[in-house]
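>>> 3D, please:
(chains A, B and C)
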Amino acid sequence: MTVALVDGNNFFVSCERVFNPRLENRPVVVLSNNDGCAIARSEEAKALGVAMGTPWFQMRDLARQHGIVALSSNYALYGDMSDRMMAILAGFAPEQEVYSIDECFLGLDGLAGSELADCGRRIRACVRQWIGIPVCVGIAATKTLAKLANHCAKKCLAGSAGVCDFTRLPAVELDRLLARLPVGAVWGIGPRLARQLGDLGLTTAAALRAADATVLSRRLSVQVGRIVCELNGIACLALEEVAAPQQQIIVSRSFGIPVQGLPELEEAVASYIARAAEKLRRENLRAGMLHVYARSSPHRQDATHYHGSLMLPLATPSADTLVLTRMALDMLRRIYRRGPVYQKAGVALLELSDAAASQASLLPAAPDNAALMQALDHVNARWGRGTLRSAAEGVRQPWQMKRARLTPGYTTAWDELLCVS
DNA sequence: CTATAACTCTCAA
DNA sequence: CTAACGTTGAGAGTTATAG
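Now for the predicted structure:
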(Lines give C-alpha, C1' and ligand atoms only; values in the text may rest on other atoms or scores of the structure.)
Protein backbone atom coordinates (compact mmCIF):
# COMPACT_ATOMS: atom_id res chain seq x y z
CA MET A 1 0.00 0.00 0.00
CA THR A 2 1.12 3.51 -0.77
CA VAL A 3 -0.98 6.27 0.67
CA ALA A 4 -0.88 10.05 0.88
CA LEU A 5 -2.35 12.14 3.64
CA VAL A 6 -3.34 15.61 2.45
CA ASP A 7 -4.11 18.08 5.24
CA GLY A 8 -5.04 21.75 5.06
CA ASN A 9 -2.68 24.10 6.90
CA ASN A 10 -4.48 25.85 9.77
CA PHE A 11 -7.55 25.05 7.71
CA PHE A 12 -10.18 27.34 9.27
CA VAL A 13 -7.80 30.31 9.29
CA SER A 14 -6.83 29.57 5.69
CA CYS A 15 -10.52 29.53 4.65
CA GLU A 16 -11.01 32.96 6.22
CA ARG A 17 -7.90 34.30 4.50
CA VAL A 18 -9.13 33.26 1.07
CA PHE A 19 -11.93 35.81 1.37
CA ASN A 20 -10.12 38.43 3.43
CA PRO A 21 -6.52 38.82 2.26
CA ARG A 22 -5.93 41.47 4.94
CA LEU A 23 -5.61 38.54 7.32
CA GLU A 24 -2.43 37.40 5.56
CA ASN A 25 0.77 37.75 7.61
CA ARG A 26 -1.20 38.60 10.72
CA PRO A 27 -1.85 36.54 13.83
CA VAL A 28 -5.35 35.11 13.41
CA VAL A 29 -7.31 32.64 15.53
CA VAL A 30 -10.68 31.02 14.91
CA LEU A 31 -12.75 30.47 18.04
CA SER A 32 -14.88 27.47 18.93
CA ASN A 33 -18.66 27.66 19.14
CA ASN A 34 -19.88 30.27 21.61
CA ASP A 35 -16.62 32.15 20.99
CA GLY A 36 -15.09 29.97 23.70
CA CYS A 37 -11.53 28.99 22.85
CA ALA A 38 -9.03 28.91 19.99
CA ILE A 39 -9.47 25.93 17.69
CA ALA A 40 -7.37 27.15 14.76
CA ARG A 41 -4.32 29.41 14.77
CA SER A 42 -2.26 30.99 12.03
CA GLU A 43 1.51 30.45 12.19
CA GLU A 44 1.86 34.03 13.51
CA ALA A 45 -0.57 33.27 16.35
CA LYS A 46 1.28 30.04 17.20
CA ALA A 47 4.55 32.02 17.28
CA LEU A 48 2.98 34.33 19.89
CA GLY A 49 2.42 31.29 22.07
CA VAL A 50 -1.33 30.85 21.61
CA ALA A 51 -1.92 27.17 22.43
CA MET A 52 -4.65 25.05 20.91
CA GLY A 53 -7.76 25.31 23.08
CA THR A 54 -6.81 28.52 24.87
CA PRO A 55 -9.95 30.21 26.22
CA TRP A 56 -10.55 33.53 24.48
CA PHE A 57 -10.88 35.51 27.72
CA GLN A 58 -7.45 34.24 28.80
CA MET A 59 -5.66 35.51 25.72
CA ARG A 60 -7.48 38.81 25.42
CA ASP A 61 -4.57 40.87 26.73
CA LEU A 62 -2.14 39.12 24.41
CA ALA A 63 -4.56 39.73 21.56
CA ARG A 64 -4.74 43.44 22.32
CA GLN A 65 -0.97 43.73 22.58
CA HIS A 66 -0.23 42.00 19.30
CA GLY A 67 -3.30 42.73 17.25
CA ILE A 68 -4.47 39.14 17.11
CA VAL A 69 -7.62 38.86 15.00
CA ALA A 70 -10.16 36.49 16.56
CA LEU A 71 -13.05 35.19 14.45
CA SER A 72 -16.13 33.14 15.33
CA SER A 73 -16.16 29.78 13.58
CA ASN A 74 -18.08 29.83 10.29
CA TYR A 75 -18.83 26.17 9.62
CA ALA A 76 -20.98 26.91 6.58
CA LEU A 77 -17.88 28.40 4.97
CA TYR A 78 -15.44 25.70 6.13
CA GLY A 79 -17.78 22.89 5.09
CA ASP A 80 -18.21 24.34 1.64
CA MET A 81 -14.48 24.93 1.18
CA SER A 82 -13.90 21.38 2.38
CA ASP A 83 -16.29 19.99 -0.26
CA ARG A 84 -14.40 21.88 -2.96
CA MET A 85 -11.02 20.74 -1.69
CA MET A 86 -12.12 17.09 -1.47
CA ALA A 87 -13.52 17.22 -5.02
CA ILE A 88 -10.19 18.52 -6.32
CA LEU A 89 -8.20 15.90 -4.40
CA ALA A 90 -10.45 13.09 -5.65
CA GLY A 91 -9.10 13.82 -9.13
CA PHE A 92 -5.58 12.83 -8.11
CA ALA A 93 -6.19 9.21 -7.15
CA PRO A 94 -8.57 6.34 -7.80
CA GLU A 95 -9.26 5.95 -4.08
CA GLN A 96 -10.04 8.62 -1.49
CA GLU A 97 -10.96 8.41 2.15
CA VAL A 98 -12.30 11.70 3.50
CA TYR A 99 -11.06 11.52 7.06
CA SER A 100 -12.14 14.89 8.45
CA ILE A 101 -13.19 18.35 7.36
CA ASP A 102 -9.64 19.28 6.38
CA GLU A 103 -7.84 16.07 5.49
CA CYS A 104 -8.10 12.97 3.36
CA PHE A 105 -6.11 9.88 2.47
CA LEU A 106 -5.42 9.14 -1.19
CA GLY A 107 -4.49 5.67 -2.47
CA LEU A 108 -1.44 6.05 -4.71
CA ASP A 109 -0.71 2.39 -5.42
CA GLY A 110 0.01 2.91 -9.12
CA LEU A 111 2.88 5.33 -8.54
CA ALA A 112 6.49 4.66 -7.60
CA GLY A 113 9.83 6.34 -7.10
CA SER A 114 9.97 10.05 -7.77
CA GLU A 115 6.41 10.00 -9.16
CA LEU A 116 5.09 10.05 -5.60
CA ALA A 117 6.68 13.29 -4.46
CA ASP A 118 5.91 14.79 -7.87
CA CYS A 119 2.27 13.92 -7.38
CA GLY A 120 2.39 15.49 -3.91
CA ARG A 121 3.77 18.72 -5.33
CA ARG A 122 1.12 18.82 -8.04
CA ILE A 123 -1.60 18.33 -5.43
CA ARG A 124 -0.23 21.18 -3.36
CA ALA A 125 0.05 23.55 -6.29
CA CYS A 126 -3.36 22.67 -7.67
CA VAL A 127 -5.32 23.10 -4.43
CA ARG A 128 -3.48 26.35 -3.76
CA GLN A 129 -4.26 27.73 -7.20
CA TRP A 130 -7.83 26.54 -7.54
CA ILE A 131 -9.24 27.41 -4.11
CA GLY A 132 -6.41 29.25 -2.35
CA ILE A 133 -5.90 26.77 0.47
CA PRO A 134 -2.34 25.75 1.42
CA VAL A 135 -1.98 22.03 2.14
CA CYS A 136 0.80 19.65 3.11
CA VAL A 137 1.21 16.11 1.81
CA GLY A 138 2.68 13.11 3.61
CA ILE A 139 3.34 9.91 1.65
CA ALA A 140 4.17 6.47 3.07
CA ALA A 141 3.39 2.76 3.11
CA THR A 142 0.72 2.94 5.85
CA LYS A 143 -1.80 5.48 7.06
CA THR A 144 0.01 5.94 10.38
CA LEU A 145 3.31 6.63 8.61
CA ALA A 146 1.57 8.95 6.14
CA LYS A 147 0.21 10.93 9.11
CA LEU A 148 3.74 11.21 10.49
CA ALA A 149 5.12 12.18 7.07
CA ASN A 150 2.48 14.90 6.90
CA HIS A 151 3.54 16.07 10.35
CA CYS A 152 7.12 16.34 9.07
CA ALA A 153 5.95 18.19 5.97
CA LYS A 154 4.13 20.69 8.16
CA LYS A 155 7.19 21.20 10.36
CA CYS A 156 9.40 21.45 7.27
CA LEU A 157 11.56 18.57 8.53
CA ALA A 158 13.81 16.52 6.22
CA GLY A 159 14.03 19.36 3.70
CA SER A 160 10.39 18.96 2.79
CA ALA A 161 8.71 21.90 1.12
CA GLY A 162 5.20 20.92 2.07
CA VAL A 163 5.61 17.38 0.71
CA CYS A 164 7.28 14.57 2.60
CA ASP A 165 7.73 11.12 1.06
CA PHE A 166 8.81 8.39 3.49
CA THR A 167 8.87 5.70 0.82
CA ARG A 168 12.16 6.91 -0.63
CA LEU A 169 13.76 7.72 2.68
CA PRO A 170 16.59 5.31 3.65
CA ALA A 171 15.77 3.38 6.86
CA VAL A 172 18.57 5.14 8.77
CA GLU A 173 17.25 8.55 7.78
CA LEU A 174 13.72 7.61 8.79
CA ASP A 175 14.96 6.44 12.18
CA ARG A 176 16.86 9.65 12.74
CA LEU A 177 13.72 11.61 11.86
CA LEU A 178 11.42 9.57 14.11
CA ALA A 179 13.91 9.87 16.96
CA ARG A 180 13.21 13.62 16.96
CA LEU A 181 9.44 13.17 17.24
CA PRO A 182 7.82 12.67 20.65
CA VAL A 183 5.77 9.49 20.89
CA GLY A 184 2.65 11.62 21.37
CA ALA A 185 3.04 12.90 17.79
CA VAL A 186 2.06 9.45 16.52
CA TRP A 187 -1.56 9.11 15.32
CA GLY A 188 -3.56 7.29 18.01
CA ILE A 189 -1.17 8.05 20.88
CA GLY A 190 -2.96 10.53 23.11
CA PRO A 191 -1.82 12.02 26.42
CA ARG A 192 -2.61 8.91 28.45
CA LEU A 193 -0.85 6.41 26.20
CA ALA A 194 2.10 8.81 25.83
CA ARG A 195 2.49 8.76 29.61
CA GLN A 196 2.15 4.98 29.84
CA LEU A 197 4.67 4.49 27.03
CA GLY A 198 6.97 6.99 28.72
CA ASP A 199 6.84 4.86 31.88
CA LEU A 200 8.12 1.98 29.75
CA GLY A 201 10.96 4.18 28.49
CA LEU A 202 9.40 4.73 25.08
CA THR A 203 9.41 8.48 24.58
CA THR A 204 9.98 8.89 20.84
CA ALA A 205 8.29 7.68 17.68
CA ALA A 206 11.49 5.79 16.85
CA ALA A 207 11.42 3.94 20.17
CA LEU A 208 7.80 2.96 19.66
CA ARG A 209 8.62 1.72 16.16
CA ALA A 210 11.42 -0.46 17.53
CA ALA A 211 9.26 -1.89 20.32
CA ASP A 212 7.70 -5.36 20.36
CA ALA A 213 4.15 -5.17 18.96
CA THR A 214 3.01 -8.37 20.69
CA VAL A 215 4.27 -7.29 24.09
CA LEU A 216 2.63 -3.86 23.80
CA SER A 217 -0.58 -5.47 22.59
CA ARG A 218 -0.74 -7.38 25.82
CA ARG A 219 0.66 -4.74 28.20
CA LEU A 220 -1.33 -1.76 26.86
CA SER A 221 -3.90 -2.43 24.16
CA VAL A 222 -4.39 -3.99 20.76
CA GLN A 223 -4.48 -0.48 19.32
CA VAL A 224 -0.89 0.20 20.36
CA GLY A 225 0.19 -3.13 18.89
CA ARG A 226 -1.40 -2.15 15.60
CA ILE A 227 0.30 1.24 15.66
CA VAL A 228 3.71 -0.41 16.11
CA CYS A 229 3.05 -2.60 13.05
CA GLU A 230 1.89 0.39 11.05
CA LEU A 231 5.07 2.29 11.98
CA ASN A 232 7.03 -0.65 10.56
CA GLY A 233 5.27 -0.44 7.23
CA ILE A 234 2.80 -3.27 7.89
CA ALA A 235 -0.63 -1.93 7.03
CA CYS A 236 -3.27 -2.73 9.64
CA LEU A 237 -5.62 0.10 8.72
CA ALA A 238 -7.31 -0.07 5.32
CA LEU A 239 -8.36 2.87 3.21
CA GLU A 240 -12.09 3.20 3.92
CA GLU A 241 -13.63 4.66 0.80
CA VAL A 242 -17.24 4.30 1.92
CA ALA A 243 -18.01 5.59 5.37
CA ALA A 244 -19.49 3.04 7.76
CA PRO A 245 -23.14 3.71 8.61
CA GLN A 246 -23.54 6.29 11.31
CA GLN A 247 -24.27 4.98 14.81
CA GLN A 248 -25.34 8.14 16.57
CA ILE A 249 -26.33 11.73 15.87
CA ILE A 250 -25.45 14.28 18.53
CA VAL A 251 -26.47 17.92 18.73
CA SER A 252 -25.27 19.91 21.72
CA ARG A 253 -24.37 23.54 22.37
CA SER A 254 -23.20 25.80 25.15
CA PHE A 255 -25.55 28.71 25.80
CA GLY A 256 -24.60 32.31 25.06
CA ILE A 257 -26.05 33.38 28.43
CA PRO A 258 -26.56 31.61 31.78
CA VAL A 259 -29.87 29.74 31.73
CA GLN A 260 -31.92 28.87 34.79
CA GLY A 261 -35.49 28.49 33.63
CA LEU A 262 -37.19 25.47 32.15
CA PRO A 263 -38.75 27.42 29.22
CA GLU A 264 -35.34 28.38 27.80
CA LEU A 265 -34.06 24.82 28.19
CA GLU A 266 -37.17 23.55 26.42
CA GLU A 267 -36.57 25.86 23.46
CA ALA A 268 -32.97 24.77 23.21
CA VAL A 269 -33.74 21.05 23.42
CA ALA A 270 -36.55 21.37 20.87
CA SER A 271 -34.16 23.19 18.52
CA TYR A 272 -31.45 20.56 18.92
CA ILE A 273 -33.97 17.81 18.25
CA ALA A 274 -35.12 19.57 15.09
CA ARG A 275 -31.54 19.74 13.86
CA ALA A 276 -30.79 16.13 14.80
CA ALA A 277 -33.98 14.84 13.15
CA GLU A 278 -33.12 16.78 10.01
CA LYS A 279 -29.77 14.98 9.86
CA LEU A 280 -31.54 11.70 10.57
CA ARG A 281 -33.89 12.11 7.59
CA ARG A 282 -31.11 13.21 5.29
CA GLU A 283 -29.40 9.88 5.98
CA ASN A 284 -32.71 8.08 5.59
CA LEU A 285 -32.48 6.71 9.13
CA ARG A 286 -34.73 6.41 12.15
CA ALA A 287 -33.83 6.60 15.83
CA GLY A 288 -34.64 3.86 18.33
CA MET A 289 -33.21 5.59 21.40
CA LEU A 290 -33.14 9.14 22.67
CA HIS A 291 -30.68 10.79 25.05
CA VAL A 292 -31.26 14.22 26.60
CA TYR A 293 -29.01 16.08 29.01
CA ALA A 294 -28.58 19.50 30.57
CA ARG A 295 -25.74 20.62 32.78
CA SER A 296 -24.08 23.53 34.52
CA SER A 297 -20.50 24.57 33.81
CA PRO A 298 -17.95 21.97 34.96
CA HIS A 299 -15.33 24.71 35.21
CA ARG A 300 -16.87 26.17 38.33
CA GLN A 301 -16.06 23.54 40.91
CA ASP A 302 -18.52 24.35 43.64
CA ALA A 303 -21.15 22.05 45.06
CA THR A 304 -23.86 23.47 42.83
CA HIS A 305 -22.67 21.64 39.73
CA TYR A 306 -25.44 19.55 38.22
CA HIS A 307 -25.61 17.18 35.27
CA GLY A 308 -29.04 15.80 34.49
CA SER A 309 -29.23 13.06 31.89
CA LEU A 310 -31.78 10.53 30.70
CA MET A 311 -31.72 7.90 27.95
CA LEU A 312 -34.89 6.14 26.83
CA PRO A 313 -35.94 3.84 23.99
CA LEU A 314 -38.71 4.89 21.62
CA ALA A 315 -41.80 2.71 21.40
CA THR A 316 -41.17 2.54 17.65
CA PRO A 317 -38.16 3.96 15.81
CA SER A 318 -38.97 7.40 14.44
CA ALA A 319 -37.61 10.21 12.29
CA ASP A 320 -40.48 12.53 13.09
CA THR A 321 -39.37 15.85 14.56
CA LEU A 322 -42.68 16.28 16.41
CA VAL A 323 -42.65 12.81 17.96
CA LEU A 324 -39.02 13.20 19.02
CA THR A 325 -39.63 16.71 20.34
CA ARG A 326 -42.52 15.65 22.55
CA MET A 327 -40.51 12.81 23.99
CA ALA A 328 -37.38 14.92 24.51
CA LEU A 329 -39.34 17.62 26.33
CA ASP A 330 -40.91 15.00 28.59
CA MET A 331 -37.46 13.70 29.39
CA LEU A 332 -36.11 17.21 29.98
CA ARG A 333 -38.87 17.95 32.49
CA ARG A 334 -37.85 14.82 34.37
CA ILE A 335 -34.20 15.82 34.70
CA TYR A 336 -34.80 19.54 35.27
CA ARG A 337 -33.99 20.91 38.71
CA ARG A 338 -34.62 24.44 39.85
CA GLY A 339 -31.44 26.08 41.11
CA PRO A 340 -28.48 25.17 38.89
CA VAL A 341 -27.24 27.67 36.32
CA TYR A 342 -27.34 25.66 33.11
CA GLN A 343 -24.51 26.24 30.65
CA LYS A 344 -25.15 23.54 28.08
CA ALA A 345 -27.72 21.05 26.86
CA GLY A 346 -27.65 18.33 24.26
CA VAL A 347 -29.54 15.52 22.60
CA ALA A 348 -28.38 12.30 20.98
CA LEU A 349 -30.23 9.95 18.66
CA LEU A 350 -29.07 6.35 19.01
CA GLU A 351 -29.96 2.86 17.80
CA LEU A 352 -30.17 4.20 14.27
CA SER A 353 -31.79 1.95 11.71
CA ASP A 354 -32.42 2.19 8.00
CA ALA A 355 -35.85 3.73 7.40
CA ALA A 356 -36.27 1.64 4.24
CA ALA A 357 -35.60 -1.73 5.87
CA SER A 358 -37.72 -1.37 8.96
CA GLN A 359 -38.87 -3.98 11.42
CA ALA A 360 -42.65 -4.24 11.42
CA SER A 361 -44.24 -3.59 14.79
CA LEU A 362 -46.82 -5.69 16.58
CA LEU A 363 -48.15 -2.52 18.15
CA PRO A 364 -50.48 -0.14 16.33
CA ALA A 365 -48.45 1.94 13.88
CA ALA A 366 -47.26 5.26 15.30
CA PRO A 367 -47.95 8.36 13.19
CA ASP A 368 -44.80 9.46 11.41
CA ASN A 369 -45.96 12.55 9.51
CA ALA A 370 -43.73 11.59 6.59
CA ALA A 371 -45.29 14.07 4.16
CA LEU A 372 -45.12 16.88 6.70
CA MET A 373 -41.47 16.15 7.42
CA GLN A 374 -40.70 16.16 3.72
CA ALA A 375 -42.37 19.53 3.30
CA LEU A 376 -40.52 20.86 6.34
CA ASP A 377 -37.17 19.77 4.95
CA HIS A 378 -37.98 21.22 1.53
CA VAL A 379 -38.93 24.63 2.90
CA ASN A 380 -35.88 24.81 5.12
CA ALA A 381 -33.55 23.67 2.34
CA ARG A 382 -34.89 26.40 0.07
CA TRP A 383 -35.30 29.27 2.52
CA GLY A 384 -32.73 28.48 5.18
CA ARG A 385 -32.57 26.40 8.34
CA GLY A 386 -35.25 27.25 10.87
CA THR A 387 -37.54 29.06 8.43
CA LEU A 388 -40.29 26.57 9.24
CA ARG A 389 -40.14 25.21 12.78
CA SER A 390 -42.19 24.02 15.69
CA ALA A 391 -43.39 26.62 18.19
CA ALA A 392 -41.48 24.72 20.86
CA GLU A 393 -38.22 26.03 19.40
CA GLY A 394 -39.09 29.57 20.41
CA VAL A 395 -38.79 32.84 18.56
CA ARG A 396 -36.17 35.10 20.17
CA GLN A 397 -33.99 32.27 21.47
CA PRO A 398 -31.95 34.41 23.89
CA TRP A 399 -29.90 31.34 24.89
CA GLN A 400 -28.33 31.03 21.41
CA MET A 401 -24.56 30.72 21.36
CA LYS A 402 -22.34 33.77 20.94
CA ARG A 403 -20.91 34.37 17.48
CA ALA A 404 -19.92 37.99 17.83
CA ARG A 405 -17.12 37.83 15.26
CA LEU A 406 -18.76 35.87 12.49
CA THR A 407 -17.62 36.43 8.91
CA PRO A 408 -20.10 36.33 5.98
CA GLY A 409 -21.19 33.11 4.27
CA TYR A 410 -19.00 34.01 1.30
CA THR A 411 -19.76 30.86 -0.66
CA THR A 412 -23.27 30.01 0.52
CA ALA A 413 -25.34 33.20 0.85
CA TRP A 414 -25.77 35.84 -1.85
CA ASP A 415 -27.27 38.39 0.54
CA GLU A 416 -24.30 38.14 2.85
CA LEU A 417 -21.92 38.77 -0.04
CA LEU A 418 -23.50 42.21 -0.48
CA CYS A 419 -22.20 43.14 2.97
CA VAL A 420 -18.59 42.52 2.00
CA SER A 421 -16.74 45.80 1.85
C1' DC B 1 -19.77 -20.11 32.65
C1' DT B 2 -20.78 -17.22 28.21
C1' DA B 3 -23.04 -13.61 25.62
C1' DT B 4 -24.65 -9.31 25.54
C1' DA B 5 -25.84 -4.75 27.21
C1' DA B 6 -24.50 -0.76 29.48
C1' DC B 7 -21.18 2.23 30.73
C1' DT B 8 -16.58 4.53 30.99
C1' DC B 9 -12.42 6.02 29.05
C1' DT B 10 -9.60 7.43 25.31
C1' DC B 11 -8.60 9.50 21.00
C1' DA B 12 -9.21 12.45 16.97
C1' DA B 13 -10.19 16.74 14.29
C1' DC C 1 -17.88 45.98 36.57
C1' DT C 2 -17.32 40.82 36.32
C1' DA C 3 -17.18 36.43 34.43
C1' DA C 4 -16.09 34.04 30.83
C1' DC C 5 -13.32 27.27 28.76
C1' DG C 6 -16.13 23.26 21.92
C1' DT C 7 -18.61 19.64 19.25
C1' DT C 8 -19.18 15.26 17.19
C1' DG C 9 -18.12 10.61 16.51
C1' DA C 10 -15.89 6.04 17.01
C1' DG C 11 -13.82 2.04 19.33
C1' DA C 12 -11.90 -0.59 23.13
C1' DG C 13 -12.12 -2.21 27.58
C1' DT C 14 -14.65 -2.97 31.90
C1' DT C 15 -18.59 -3.98 34.58
C1' DA C 16 -23.30 -5.51 35.16
C1' DT C 17 -26.83 -8.72 34.02
C1' DA C 18 -29.36 -12.50 31.94
C1' DG C 19 -29.66 -17.14 30.88
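>>> How about the secondary structure of residue A:198?
Judged by DSSP: H, G, I helix; E, B strand; the rest coil, the three-state class of residue A:198 is helix.
>>> Relative to DNA strand B, how far out is it?
Between residue A:198 and DNA strand B the computed distance is 12 Å (CB to the nearest atom of the strand, to the nearest Å). Where you see a C-beta, it was placed from the backbone N, CA and C, and this is true even at glycine.
>>> next one: residue A:30
To DNA strand B, residue A:30 is 13 Å away according to CB to the nearest atom of the strand.
>>> how about whatever helix or strand residue A:125 lives in: buried residues?
Per DSSP states H and E: residue A:125 is located in helix A:114-131. By neighbour count with 16 or more other CB atoms under 10 Å, helix A:114-131 contains the buried residues A:116-117, A:119-120, A:123-124, A:127, A:131.
>>> Please list the residues of chain A that sit near DNA strand C.
For chain A, the residues in contact with DNA strand C (CB under 7 Å from any atom of the strand) are A:32-34, A:36-37, A:39, A:53, A:55, A:57, A:60, A:221-223, A:244, A:246-254, A:279, A:297, A:299-300, A:343-344, A:346, A:401.
>>> Out of those, list just those in strands.
Counted as lying in strands by DSSP state E, out of these, are A:39, A:249-254, A:343-344, A:346.
>>> Could you confirm residue A:289 falls within a strand?
Yes. Residue state for residue A:289 (three-state DSSP) corresponds to a strand.
>>> what's near enough to touch the closest residue in space to residue A:313 that isn't next to it in sequence?
Leaving out its chain neighbours, the residue that sits closest to residue A:313 by CB to CB, 6 or more residues apart in numbering is residue A:289, at 5.1 Å. Taking CB atoms under 8 Å, 6 or more residues apart in numbering as the definition of contact, the neighbours of residue A:289 are A:311-314, A:349-351.
>>> do that again at 10 Å, thanks
Contacts here follow CB atoms under 10 Å, 6 or more residues apart in numbering; on that basis residue A:289 touches A:248, A:311-314, A:317, A:348-352.
>>> out of the residues you listed, who's nearest DNA strand B?
Among the contacts of residue A:289, residue A:311 lies closest to DNA strand B (CB to the nearest atom of the strand), at 5.9 Å.
>>> got the contact list for the closest one?
Contact criterion CB under 10 Å, 6+ apart gives A:289-293, A:331, A:348, A:350 as the residues in contact with residue A:311.
>>> Distance-wise, check residue A:46 relative to residue A:178.
If you measure residue A:46 against residue A:178 using CB to CB, to the nearest Å, the figure is 23 Å.
>>> which of those two has more neighbours?
When residue A:46 and residue A:178 are compared on other CB atoms under 10 Å, the one with more neighbours turns out to be residue A:178, at 23 against 15.
>>> was I right about that one contacting residue A:203?
No. The criterion here is CB atoms under 10 Å, and residue A:178 misses it with residue A:203 at 11.6 Å.
>>> that older thread, determine the set of other helices and strands touching the helix holding residue A:125.
In terms of contacts (3 or more CB pairs under 10 Å, 6 or more residues apart in numbering; DSSP states H and E), helix A:114-131 is packed against strand A:3-8, helix A:11-19, helix A:75-90, strand A:103-107, strand A:135-140, helix A:143-154, strand A:163-165.
>>> Does DNA strand B have contacts with the third one?
No. Helix A:75-90 is not in contact with DNA strand B by CB under 7 Å from any atom of the strand; minimum separation 10.0 Å.
>>> circling back to that earlier point, name only those of the contacts of residue A:311 that count as buried.
Buried among these by 16+ other CB under 10 Å: A:290-293, A:331, A:348, A:350.
>>> List just the nearest of the buried residues of helix A:114-131 to residue A:259.
Within those, proximity to residue A:259 (CB to CB) peaks at residue A:131, which comes in at 39.5 Å.
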